[in-house]
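Engineer: Model the following, please.
(one chain, ligands or ions: 1)
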Amino acid sequence: MVLEEMKVSLIGAGVMAEVIALGLVRSKLVSSEDIMVSHYREDRLVQFRESVPVRTTTSNVEAYRHGDVAIICVRPQAMNGVLKELRGEVESRLLVTIAAGLPISLYEAQIGGSTPFVRAMPTFFGRIKAGTTGLTLNSAATAQHLAIASRIFGTISENVIVLPEDEIDAFTTFGSTTTATVYLLLDALITAGSLVGLRHQASHSRAIEQVIAAARNVEATDKLPSQLLDELCTPGGVTVEGVKVFEERAMRGALIDGVMAATNRARELREAARQLG
Ligand SMILES: NC(=O)c1ccc[n+]([C@@H]2O[C@H](COP(=O)([O-])OP(=O)(O)OC[C@H]3O[C@@H](n4cnc5c(N)ncnc54)[C@H](OP(=O)(O)O)[C@@H]3O)[C@@H](O)[C@H]2O)c1
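Structural biologist: Next up is the predicted model:
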């Protein structure tokens with residue numbers, strides 16, 4: 001099977017379906033006429049075609065039949081409904097899901113275990129082709145299926161890795177909470193910059209520059225972040241006064257608790273989905 005000659009179906013025309021369709025078309029891996037996207041509302045499909053001029057349908061089954069590979073892009077809460085629709089159709093073609101939190105066993109309970117199946121956790125940064133997509137395969141998926149999924153998600157990520165299924169939830173929630181932390185951090189720092197006298201634009205660009213440079217510095221050395229923090233804080237100097245306040249406000253503990261709360265929520269959602277199934 002040559003991916004350049006393959007047709008791809010995207011079931012659910014949301015944010016991620018658009019990112020994936022754009023990635024496939026921009027990279028020229030799949031042409032826009034070989035992609036079919038489904039959504040139950042035509043107005044959403046009209047909007048989607050304005051962004052990426054793919055083929056569209058209001059029938060999930062029609063979209064599924066179109067593709068050599070089908071990627072289900074609905075939210076976890078809508079997954080059982082979609083699987084019930086597809087149940088009579090699914091056979092040997094590769095089926096991919098990007099839904100967070102739902103285990104492969106939940107899909108196999110609906111569609112059986114003989115369909116090659118890939119659970120993918122794409123990066124949030126698909127539009128800029130950054131970050132890592134994690135993939136987990138069922139036992140029916142072969143090396144060729146892995147190669148296909150890797151090329152598809154390679155159009156929207158810098159890296160694609162294979163993970164054991166018991167790591168993919170932690171991979172997901174760690175990724176999303178890390179991203180959320182950086183956004184919160186930047187938002188607060190930009191305000192702080194304005195309060196200490198920088199113009200808004202200067203505060204904005206300096207905050208971004210410092211966050212990127214600090215992360216690159218950690219990446220480039222063998223030192224732990226705590227060692228670099230130590231080097232940054234001259235005893236009796238100014239930075240250490242700020243760090244003292246961060247410690248008093250338990251910033252480190254809040255970050256750890258946030259990641260753990262998100263992971264616990266993922267477990268709760270998985271359990272709820274299992275009971276719905
Ligand atoms: N956003 C991210 O960064 C990210 C990253 C990795 C993985 N994911 C996963 O990707 C999936 C999609 O996320 P998203 O952010 O793209 O969500 P989204 O924008 O809400 O997209 C889901 C789309 O599916 C549509 N839909 C709902 N029920 C449907 C059905 N029965 N048939 C066809 N379409 C249906 C929704 O329509 P309505 O809204 O009109 O109901 C919506 O357009 C989720 O499972 C999420 O866990 C997201």
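Engineer: Now Ala215: which helix or strand?
Structural biologist: Ala215 belongs to helix 200-220 when assigned by DSSP states H and E.
Engineer: following that helix, which helix or strand comes up?
Structural biologist: Defined by DSSP H and E, the subsequent element after helix 200-220 is helix 225-232.
Engineer: Quick one: the strands in this structure, in order.
Structural biologist: Along the chain, the stretches classed as strands by DSSP state E are 8-11, 35-38, 55-57, 69-72, 94-97, 117-121, 132-137, 159-162.
Engineer: Could you check how many residues crowd around Pro235?
Structural biologist: For Pro235, the count of nearby residues is 6 (other Cβ atoms under 10 Å). Yep, even glycine has a C-beta here, placed from its N, CA and C like the rest.
Engineer: whoops, I mixed them up, Ser59
Structural biologist: Neighbour count for Ser59, taken as other Cβ under 10 Å: 14.
Engineer: List the contacts of it.
Structural biologist: Ser38 (Cβ atoms under 8 Å, 6 or more residues apart in numbering).
Engineer: Help me confirm that Leu146 comes into contact with Val162.
Structural biologist: Yes: using Cβ atoms under 8 Å, Leu146 is in contact with Val162, at 6.9 Å.
Engineer: and for those two, which residues touch both?
Structural biologist: 135, 137.
Engineer: picking that back up, quick one: which of the strands of the chain is nearest Leu186?
Structural biologist: Closest approach to Leu186 among these (Cβ to Cβ): strand 132-137, 21.1 Å.
Engineer: Other residues contacting that closest one?
Structural biologist: Residues contacting strand 132-137 (Cβ under 8 Å, 6+ apart): 104, 116-123, 145-146, 149-150, 153-154, 156-165, 167-168, 171-172, 175.
Engineer: how far away is the residue nearest to Ala202 when sequence neighbours are not counted from the ligand?
Structural biologist: Counting by Cβ to Cβ, 6 or more residues apart in numbering, Gly193 is the residue found nearest to Ala202 once chain neighbours are left out, at 7.2 Å. Distance, Gly193 to the ligand, using Cβ to the nearest ligand atom, to the nearest Å: 28 Å.
Engineer: Of all residues in the protein, which one is closest to the ligand?
Structural biologist: As assessed by Cβ to the nearest ligand atom, the ligand sits closest to Gly14 within the chain, at 1.7 Å.
Engineer: who's in contact with that residue?
Structural biologist: So, once contact is read as Cβ under 8 Å, 6+ apart, Gly14 ends up touching 73-75.
Engineer: Equivalent analysis for Lys223, please.
Structural biologist: Glu231.
Engineer: do the same with Ala149
Structural biologist: 69, 94, 96, 118, 120, 135, 137, 160.
Engineer: Now Ser38: closest residue in space, sequence neighbours ignored.
Structural biologist: Of all residues not flanking Ser38 in the chain, Ala63 sits nearest, at 3.6 Å (Cβ to Cβ, 6+ apart).
Engineer: Mind pulling the model confidence for Glu116?
Structural biologist: Quick fix: residue 116 reads Pro, not Glu. We have a pLDDT of 95 for Pro116.
Engineer: My guess is it contacts Thr142. True?
Structural biologist: Yes: if you go by Cβ under 8 Å, Pro116 and Thr142 touch, sitting 6.7 Å apart.
Engineer: With neighbour numbers in mind, choose between these two.
Structural biologist: Shown here are Pro116 and Thr142; by other Cβ under 10 Å, Pro116 has more neighbours (22 against 12).
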